[in-house]
Every structure is written in structure tokens, then in C-alpha cells.
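> could you look at this predicted model? Sequence included:
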Amino acid sequence: MNSTEESRARSEYRRREESITLSAVEEQIEDARATGGGPELLTLNFGPHHPATHGVLRLLVNLQGEVVRDIKPIIGYVHTGIEKTAEDKSYWKVIPVIERMDYLSYYFNSMAFVGAVETLLEVEVPKRAQYLRVIHMELNRIMSHLVWLGTSALDLGAISMLWYCFRERERICDLFEMSSGQRMHTRYFQVGGVIEDIPVGFAAKLAEFVAEMPGRADQYKALLHRNEIVLNRLRGVCPLDTDTLLGLGVTGPLLRASGNPWDLRKAAPYCSYGDFDFKIPVGTVGDNYDRYAVRMAEIYESVKIIEQALAGLPEGPVMTSDRKVALPPRHELATSMEALIHHFKLVTEGFRVPPGEVYNPIEGPRGELGCFVRSDGSSKPARVHMRDPSFVNLQAFSHIAEGSYIADMIAALAMLDPVLGGIDR
Amino acid sequence: MPDATGLELIGQELGDAVLETVFFRDRATLLIDPQSIRSVLAHLRGKGYTFMASVHGVDYYPEEPRLGVVYELLDMGRVDRITVKLRVPSDAPEVDSVTPDTPQGAGWPTCDHQEREVYDMFGVVFRGHPDLRRILMPEDYEGHPQRRDFPLGGEPVIFTYNEPHGPRSQR
Amino acid sequence: MEVERSPIGDRPTGPSQAAPGVTVDPQALRVSRLNARQLLRGGEVEGRNPSAHLEGADLERHVEERVLTTTLDRAVAWARSNSFFPATFGLACCAMEQITTVASRVDIARFGFEAFRASPRQADLLILSGRVSIKMAPIVRRIYDQMLEPKWSIAMGACCSSMGVFNNYALVPADKFMPVDVHVPGCPPRPEALMYGIIKLQKMVQNNAVPGWRERYDAAGTEETLPGA
């Protein structure tokens, strides 16, 4: 074929392709509705075992054709009874249990709990420990956003993002392993401070990571930010306004994407966050693209916080010196009788917390993570409740995805960033 | 948090509904009569506490009234938190649900799943809730696990091929 | 094609012919296999033979089930062991480390297992990564049943093997409702540990004939027929 015939054949194909619309189907639906038949709804079960549901989330989706009319999430498939187990253990033994709740933000889980217990005990956390906590929490925030980005891009079809994001995650897990010995669920935060000081070489490795991370995030942006497919799938899709979100109790990047700059790190600073200079990225429309862009921007802000915390890391103890709460240093056990008795009581029974109830909220990667601790004066908590952000944010999902196609629903679920461990506890 | 005097003022405004005010570790708590939960929350919403951060249950076993429901409210404008607590006895564990909109006032849509969780874990029945069923446990589960007299449970550890009386014991 | 049998760790892989606690050294295993081959050919047997009481058709079946006599069997076992299709099945925290085995540092694709299949009908390896709650247990069992023979399962992490950090009303150990071939300890296990568990399973499959799981774990007769089916 010569070139003019080819181009004619191709444009004929294009014309035919563009002439296909859904008008015939829509006419049918209109007819059915006009004759009183009503729209016929198909209930589809996105079972708990599904490659795109980010965990064991079950969705009952009412579909009209391919348009989503209603979504009912069914959860509880990874319910672990964490809160009940926590009532059975002494306060410092609760920390490993409570860390495993929202398994992508383990430092935040332990920070919420430890902060609540420290409020009840009225112990003061030394400045160095606070800065170390901030460093680890912001590293965890970056890691959580990287895992979110990798798995969400996988859902959208940008499969290689998974390998890039997990490459950075490996570096962060190496840092965690350096400071505490474990990659995940490190029980690094303890009541009164952190369990031990950072080793030699941690600061250098962290500085290397911090220097490289913005460049890597730029690479991800170059791949995704202006990508035509990403823009088509996320821009203008599934928007939700601030008032509905506030009514549903949604916090975190979802709320910030719709324009409300609510962030507990700025609004009610805890753990020395007030010492650092960082911005809160905020979206405008509240659609899927804003949710994605807000989280990408938060990675840069977290890197800034870590830089400042590392530069300003003060000298000093990493654990409170209140012997009723924290173990005495080992060398004291040889000389001081009180230290020995304190050590013995802390290890066998644990510290006792004065009776009271406290709710301690912090800003996790998905929103407001709160921990409610009720103590009755003994060495075991009487009630521990974690207010998980994903649990509350999931209620907004049916509002977000209503009226969109199934593919948009999958993208909206990815942008919602649910972590089933936190939802089900 | 409203400071101690601010808390007392709120308590006086609400009058009979408030059984006790607690100001502990710079946090304000109102212990209210369970019948008036909707009006108390509506009043606090009018004062600016428009965001419901959390609804959760507590079991005060063995003191009666045993089952507590705690509502955490947040005023985003002034960054102020207040806690509203109520306690119901275990022989009549019923509270009005604050989720749906009623002719008396708007509801709090965020309490939907959270009240279901309190029902599932503690057995507190929320009257008027649009869809009160178990959320974390299987639908046919019996018992309310997070009550303090519910046993912690647990299973003995078994492995596929190390059991003393298992199928591979002959080898 | 000679399959190299080198034990991983200090215990030879595969279902042990002795009672738990007694180590079987690889040389004795090789001797008993050679003896079995001898028996098939109708010859005499020297040394220890635990299956000496079997006769005739029983003996032939015993040997067939446990000894890779033919080259074709060994070739098929080698091919099966080098091309597991894991099912995309992540439950909780261990799933994060499972995804990390797919990622670039501990690359599961080097071994040929990168084809994670979403449908259990197309998968033959179920890596249970995470805690199995009582609501999820029947669903896991259903997915395991939907997988076609031969199929294997790895219980990754402490929670599904032995209740882990939480021993309470909400969890079920995986061995209670489905057979598990390899348990990988850890909370969560490092990606390298999971890889070690998968390689161990690979050696198990390479060295032994693969009957269905009911024969492997003596569960014949436990099939459940639904009424009306």
C-alpha cells in the first residue's frame, strides 16, 4: 500500500473508533427508567482475596452497568484482637503488640501509645530522644508513602514503580536495622525515650540517604506527574469536598487534598515538631490526582524535617532518668542498691501507672492516629484503643467512588491508602 | 483543651445532663447522662467542636454502670479537644445513636463504623443506627470479645508433621 | 540426570522416614533407595530396610510413591521445583516482606518464581503471609482447595505457624485447617529468610515424588463431600 492509502485506511479506523459511544446503552437505560423498570443493579463481590484491594478488604459493589452506585466494605478479615491482647501485658510489653497494628507505620503506632503512657505518668522525654523519635517517624512516613506509591502505581499499571519504590524502602529498612536491629516492628520507642542511642555511622548513612532521596523522588515525578495515562486516570476523578470529608471524620492526606491544611504536626505540635520548619502540602480540587500529589510532596517535606533534625541533634541522654519508669544503666547495678531494686521491679512487674484516661493523637501517614489508654493503677493497662485513620477514612470510600467506573473505583481505593491491619486491628 | 474554668462553664451550660467534669493532665472530660447524648453533642457542635475524632468503648468491670462509650471531639478552629463520656449498665446497654440525621438535628456520619465496632466488641446497642451489625468479628459470632470478663482465648500450637499423635507418628 | 542431594542445614530435607528427633543421614537414605531399586529388580537386599515387610503390589506402590526411579520423574520434579507460581496472597505485615522478596534486592525472579498469579486456579504455591483470623480461615481454606494439585504451602511468619505475638480469641494457626509444608519463623521474617524457606521447599520437591497433599500427610479419607454434590 502506498502512503496515502495507508493514511486513509488508518483515519477510517480512527473515525470508526471515535464513533463508538455509549449512547445506545444509555438510551436503553433511559428507556428502562422511563417505563418504570428502574436501573438494574448488579452486586459484585470484590472478595477478600483480590490483587487490587491492598489487603484483605471485601467490597460489595452495586453496579449499574460499569458505573458504581454503592459500595459496602466488609472488614474484619485480619482482626487480631490487638487491643484485648494489650490488656494482658505490662506497659512496655504492649509496645511490640501495638506496633503490629498498622503495619506500615509502626513507629507511629508505638509513638501514640508511648505518648499516652508518658502523659499519664507525667515523665519528661529528653530532647535527644525526641529528635531521634522525629527522625525515625519521618523515615517511616517516607517509607509508608513509598509503599503506597509502589502498590498504587502497580494498580494503575505502572508496574516498574514497585521496584523503584521498594529500592528506596530497602535503604530505609537498612537504617532501621542499623538503629534497632530489626527492619520492621522495631520496638525502638519506649516509655520515656528510645531504647538506645544511634550507633556510629548512622548519622553518616542517614545524611547520604537524605541527600539522595529528593533526587529519587524527582525521578518518580518525572515518570508519573505528567504521564498522560496517570493524568487521564486520576485528574478530575472521584473528587470529594472538604465538608463531607470533615463530617465523615477523614484526616490526613485525603483531607489535605481537598484543601483543608489540617496537620497535627503544625496545629498541635508534639515531640518537638515545633522546632522544625516544613510546609504542609495541600491540594485544590480533592480528586485522585490531588491525593497522589499531596503524598508525593509530603515525601520532600519529610526529607527536610529529617535534615533539620539531624543537623540539630542535641547531645544528652536518650531515656528519661526517672528510675521508676526506665531501666537504670547496667553499670549502676553493681554499686547502687536502689538501682538493683528498681531494675528488679521494672523487669518482673513493670512500672505502675496512676489511674486515669488519656487520648493521645498524633499525625500518622494516613491521618490522625490516636491512642486511648485507661489505666487503673496496676502495671497492665485496663483498656488500650487505637483510633486508626484508615478505619475512619474507609467510611468515605463509598462517597468518593459513587458514580465512577470500576477502574476509577480501583484507582480511588489505591489513593485512599487503606492499611487493613489498622482497619481491623 | 478548654482549661478548667472553661470546662466548668460548659458543664453549667449543659446543666442536668452533666454528671461530672474531670480535668486530668490538661484534658477535659464531661461525664454525661446517656439519655442526653444527642443534645449534648449538638450543643458542643454549636460551640465549635464540629469534628468527631473518635468513638470507642471502655469496660469498667466490675464497677457498675459498666460499659462506657467515649466520644472525642475536636474544634479545628481553636485546636481544642473535649471528651464526652457516658456509662451504661450491662443489663440495659442502650444508647441513642448519633450517626443518623434526625428532625432534631444533624448527625455525625463518622460514627457509623465506630459505633458498629463498639457494638461488636462491647455489646452496646445504639438505637437508631442505620445498620447495626458486627463489623470485625464474623456475623454469627457469640459474645462481645473486648468485655473484660470475656476470656482472652488462644489455641495450642500444632504443626502439620510434628504432632505426637498425628498422622505421621508412625514414621 | 543426577539430582544432587545436599542437605540444607543439619537435617536432610523431605519427609523424614524416622520418628521426630532422630536425624537421618543422607547416606542411609541413599542406601535404602538403592535397596528399593534392588528389590524391584528382584535381587537381594543388604543392610537395614524399613519397608522389608511390604510385599508385591504394596511394595511396588510404596517404592513408586517415594523414590524417583525414572529420569522422567526426576526431570518433572526438577521442572516443578524451579517454576513455582506463587499466589498473590498477603494478609498482614509479612506481606510487606513478601513483596520485598519480589523487589530488587532479594530478587525472587532469579529463581524463576516471579510469576505471581492472582487466580488460585493458576497458582501452585500459597505463601500464607500474615495472621489468619477466624473470619479469614474458611476463605484461606477455600483458596487452597481451589488450587490444583500438585500444590504446596508455606506458612510465613510466626502468626500463621504458631499464633505469634498474639495468642488470643481472634487467630487460628494455619496448621489447624490446612497442611503446611514449610514454616518460616520470624516476625516478620527477613526477605532472605523467606527465600531460604522457598529454597528449602524447592529442594523438598526436587528430591521426592510429589503425591497430592492427602498422600503426603496421610490424610486420605478426610475428603468432605457436600450433600447434593
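That came through, no problem.

> if you average pLDDT per helix and strand, which one of chain C comes out bottom?
Every helix and strand of chain C was ranked by mean pLDDT, DSSP states H and E. The lowest is helix C:26-40, at a mean of 60.

> got the end-to-end distance for stretch B:125-140?
The straight-line separation of the ends of stretch B:125-140 (C-alpha to C-alpha, to the nearest Å) is 17 Å.

> contacting residues around that stretch?
A:75-76, A:79, A:424-425, B:93-97, B:99-100, B:102, B:112-113, B:115-121, B:141, B:145, C:134-135, C:170 (C-beta atoms under 8 Å, 6 or more residues apart in numbering or on different chains). In short, each C-beta sits where N, CA and C put it, glycine included.

> now stretch A:170-181
A:136, A:139-140, A:142-143, A:146, A:182-184, A:186-188, A:195-196, A:198-199, A:201-202, A:205-206, A:209, C:100, C:103-105.

> my guess is C:T101 is in a strand, correct?
No - counting by DSSP: H, G, I helix; E, B strand; the rest coil, one finds C:T101 to be helix, located in no strand.

> what about it, distance to A:S398?
As judged by C-beta to C-beta, to the nearest Å, C:T101 and A:S398 stand 35 Å apart.

> which one of these two is surrounded by more residues?
C:T101 (27 against 19; other C-beta atoms under 10 Å in any protein chain shown).

> pLDDT score for that one?
Note on C:T101: pLDDT of 91.

> got it, and A:L240?
90.

> isn't it up against A:F397?
No - checked against C-beta atoms under 8 Å, the pair A:L240 and A:F397 is beyond contact range at 9.9 Å.

> which residues of the stretch 1-150 of chain A lie near chain B?
A:I75, A:G76, A:H79, A:G81, A:E83, A:K84, A:T85, A:E87, A:D88, A:T119, A:L120, A:E122 (C-beta under 8 Å from any C-beta of the partner chain).

> so can I have a markdown table of the residues you listed showing pLDDT?
Listed next are the residues of the stretch 1-150 of chain A next to chain B as a markdown table, based on pLDDT from 0 to 100:
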| residue | pLDDT |
| --- | --- |
| A:I75 | 91 |
| A:G76 | 90 |
| A:H79 | 92 |
| A:G81 | 89 |
| A:E83 | 91 |
| A:K84 | 91 |
| A:T85 | 91 |
| A:E87 | 90 |
| A:D88 | 88 |
| A:T119 | 92 |
| A:L120 | 92 |
| A:E122 | 90 |
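
> what about chain C: which of these touch it?
Applying C-beta under 8 Å from any C-beta to the residues of the stretch 1-150 of chain A next to chain B, those adjacent to chain C are A:G76, A:H79, A:G81, A:K84, A:T85.

> any of the residues you listed buried? List them.
By neighbour count, with 16 or more other C-beta atoms under 10 Å in any protein chain shown, those hold A:G76, A:H79, A:G81, A:K84, A:T85 as buried.

> test my guess that the first one contacts C:K135.
Read that as A:G76. Yes - the criterion here is C-beta under 8 Å, and A:G76 meets it with C:K135 at 5.0 Å.

> in what helix or strand does the closest residue to A:G157 other than its chain neighbours lie?
Spatial nearest neighbour of A:G157, chain neighbours left out: A:I229 (7.1 Å); criterion: C-beta to C-beta, 6 or more residues apart in numbering or on different chains. Element membership for A:I229 (DSSP states H and E) is helix A:228-234.

> buried set for that helix?
In helix A:228-234, counting by 16+ other C-beta under 10 Å, buried: A:V230, A:R233, A:L234.

> nearest to chain B among the residues you listed?
A:L234 (25.5 Å; C-beta to the nearest C-beta).

> who are the contact partners of that closest one?
Shown in contact with A:L234 (C-beta under 8 Å, 6+ apart): A:L156, A:D287, A:N288, A:Y289, A:Y292, A:A411, A:M415.

> okay, it: pLDDT?
Reported pLDDT for A:L234: 91.

> cool, and the one 10 residues further on?
In this model, A:T244 is scored at 90, pLDDT.

> ok, for it, nearest residue in space, not its chain neighbours?
Nearest to A:T244 is A:H399, by C-beta to C-beta, 6+ apart, at 6.0 Å.

> any buried residues in the helix or strand harbouring that neighbour, and which?
Element membership for A:H399 (DSSP H and E) is helix A:397-401. Residues of helix A:397-401 classed as buried: A:F397, A:S398, A:H399, A:I400, A:A401 (neighbour count, 16+ other C-beta under 10 Å).

> just checking, the first one touches A:M415?
The one in question is A:F397. No - contact criterion C-beta under 8 Å: A:F397 and A:M415 do not qualify, at 10.3 Å.

> quick one on the thing from earlier: what about the buried ones among the ones next to chain C among the residues of the stretch 1-150 of chain A next to chain B, which are in helices?
A:K84, A:T85 (DSSP state H).

> and of the buried ones among the ones next to chain C among the residues of the stretch 1-150 of chain A next to chain B, the nearest to chain C?
For those, the nearest to chain C is A:G81 (3.7 Å; C-beta to the nearest C-beta).

> just the C-alphas of stretch A:295-309, formatted as PDB.
In PDB, the C-alpha atoms belonging to stretch A:295-309 read as follows (Å, rounded to 0.1, in the frame of the first residue of the first chain):
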ATOM      1  CA  ARG A 295       1.600  12.400  49.300                       C
ATOM      2  CA  MET A 296       4.400  12.900  46.800                       C
ATOM      3  CA  ALA A 297       5.100  16.400  48.100                       C
ATOM      4  CA  GLU A 298       5.000  15.100  51.700                       C
ATOM      5  CA  ILE A 299       8.000  12.900  50.900                       C
ATOM      6  CA  TYR A 300      10.000  16.100  50.200                       C
ATOM      7  CA  GLU A 301       8.800  17.700  53.400                       C
ATOM      8  CA  SER A 302       9.700  14.700  55.400                       C
ATOM      9  CA  VAL A 303      13.200  14.800  54.000                       C
ATOM     10  CA  LYS A 304      13.500  18.400  55.100                       C
ATOM     11  CA  ILE A 305      12.400  17.600  58.600                       C
ATOM     12  CA  ILE A 306      15.000  14.800  58.800                       C
ATOM     13  CA  GLU A 307      17.800  17.100  57.600                       C
ATOM     14  CA  GLN A 308      16.900  19.600  60.200                       C
ATOM     15  CA  ALA A 309      16.600  17.100  63.000                       C
END
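
> ok, the nearest residue to C:A115 once chain neighbours are set aside - contacts?
Spatially, and ignoring its direct neighbours in sequence, C:A115 is nearest to C:F85 (5.2 Å; C-beta to C-beta, 6+ apart). Going by C-beta under 8 Å, 6+ apart, C:F85 touches C:F113, C:A115, C:F116, C:R117, C:Q122, C:A123, C:D124, C:L125.

> which two among those are spaced furthest apart?
Between any two of those, the greatest separation by C-beta to C-beta is 13.6 Å, found for C:F113 and C:Q122.

> how about the secondary structure of the residue of chain B found nearest chain C?
Of all residues in chain B, the one sitting closest to chain C is B:G153 (3.1 Å; C-beta to the nearest C-beta). Three-state assignment for B:G153 (three-state DSSP): coil.

> secondary structure class of B:L30, three-state.
At B:L30 the chain is in strand, as set by three-state DSSP.
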